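# Return atomic coordinates for the entry below.
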Amino acid sequence: MADDDLDFSSLMIEALKQVKIAGEFRRVVDGEELIEHLARLKNSPNGQLLPPDLILLDLNMPRKNGFETLKAIRADQAWCRIPVIMFTISKDTRDVLRSYELGANTFMPKPFSFNVLVKMLQAVKEYWFDFAELPDFSG
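Residues are numbered from 1 along each chain as shown. Model (predicted):
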């Protein structure tokens with residue numbers, strides 16, 4: 001997850017525990033740090049480190065915003081198939097449209113309630129991890 005909001009990130013971690021999404025959760029504070037992290041994974045010896053199964057991306061972040069980050073992800077052959085969910089406070093229809101134009105898989109406004117966040121993550125888990133067939137990055 002790329003999001004500079006520490007409070008929301010803490011809520012996200014608690015909600016992920018309730019939803020029981022398996023695997024490692026990693027938070028970075030902005031798009032620049034996310035791209036650096038993905039580059040380290042891509043350049044690992046013998047491709048030992050696999051890219052994330054899913055990226056939750058905020059729009060409004062310092063250094064590299066969500067649109068710039070999404071554009072960079074979609075431009076790189078190693079990362080372009082990673083599902084990206086724009087998870088942001090914005091409900092502006094222009095942001096929704098631009099996100100999809102740049103290749104976002106889903107656009108979800110951040111909820112103002114922990115219970116709604118849990119329900120949203122449950123839906124994300126069911127769709128992306130239980131029903132959808134994701135690309136195999138292991139080789």
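
# now the helices for this protein?
Counting by DSSP state H, the chain has helices at residues 6-19, 31-42, 66-75, 93-101, 114-124.

# Compute the distance from the centre of the second one to the centre of its chain.
Between the mean C-alpha point of helix 31-42 and the mean C-alpha point of its chain there is a distance of 13 Å (C-alpha atoms, centre = their mean, to the nearest Å).

# by contact count, what packs against that helix?
Helices and strands touching helix 31-42, by 3 or more C-beta pairs under 8 Å, 6 or more residues apart in numbering; DSSP states H and E, are strand 55-57, helix 66-75. (Each C-beta comes from the backbone N, C-alpha and C, glycine too.)

# export the helices of the chain to JSON lines and tack on mean pLDDT?
Shown next, in JSON lines, are the helices of the chain (pLDDT from 0 to 100):
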{"stretch": "helix 6-19", "mean pLDDT": "89"}
{"stretch": "helix 31-42", "mean pLDDT": "91"}
{"stretch": "helix 66-75", "mean pLDDT": "96"}
{"stretch": "helix 93-101", "mean pLDDT": "96"}
{"stretch": "helix 114-124", "mean pLDDT": "94"}
